[in-house]
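K.L.:
just coords:
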């Protein structure tokens, strides 16, 4: 239940983020969720898109530096302690979270978080063993 994520490196200057979003829109590629982290010099735009192969090729042809990574999307209870419960499962299995961000979908008492793990296969196995609901890219696309 791993999902392909694109990480796009871009200069931290006006218009760079907009240019990437416009290219994807022109190619009719839907962004399911994203995260943007920055420093003074550059930013890392992390994207989960409907067609990652097409998006990756398009962005590379436009001169962007794009890296493909695998992430895991998990459903958590949207209540105080919901995230803490997932993190406790991961800590008990000695799994490291490199980063995480929220998926934009929200339903009643559930939230979806996207995790990048140092060992995604072990994380998937551990979370499934503990009964945590995981999503693949088709599941995420169907939520919208």
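P.N.:
Sure, I can see it. Bear in mind the structure is a predicted one, so any value in this text is a computation, not a measurement.

K.L.:
ok, which stretches of this protein are helices?
P.N.:
For the chain, helices defined by DSSP state H occupy the ranges 16-26, 52-61, 82-92, 120-129, 137-143.

K.L.:
which residues of the chain score low on pLDDT?
P.N.:
Residues of the chain meeting the criterion pLDDT under 70: 104-108, 143-144.

K.L.:
so who does the spatially closest residue to residue 79 that is not a sequence neighbour touch?
P.N.:
Counting by C-beta to C-beta, 6 or more residues apart in numbering, residue 79 lies nearest to residue 109, which is 6.8 Å off, once chain neighbours are set aside. Just so you know, the C-beta spots here come from the backbone N, C-alpha and C atoms, and that holds for glycine as well. Residue 109 makes contact with 77-79, according to C-beta atoms under 8 Å, 6 or more residues apart in numbering.

K.L.:
what's the distance between residue 109 and residue 82?
P.N.:
The gap separating residue 109 from residue 82 is 9 Å, by C-beta to C-beta, to the nearest Å.

K.L.:
give me every residue that touches the residue nearest to the spatial centre of the chain.
P.N.:
The centre of the chain sits closest to residue 114, judged by C-alpha atoms, centre = their mean, with a distance of 4.8 Å. Taking C-beta under 8 Å, 6+ apart, we find residue 114 in contact with 3, 5, 33, 35, 48, 71-73, 100-103.

K.L.:
okay, now the residue lying closest to residue 32 once chain neighbours are set aside: neighbour count?
P.N.:
With sequence-adjacent residues excluded and distances taken as C-beta to C-beta, 6+ apart, residue 32 is closest to residue 48, at 4.6 Å. Residue 48 has 24 neighbouring residues, counting by other C-beta atoms under 10 Å.
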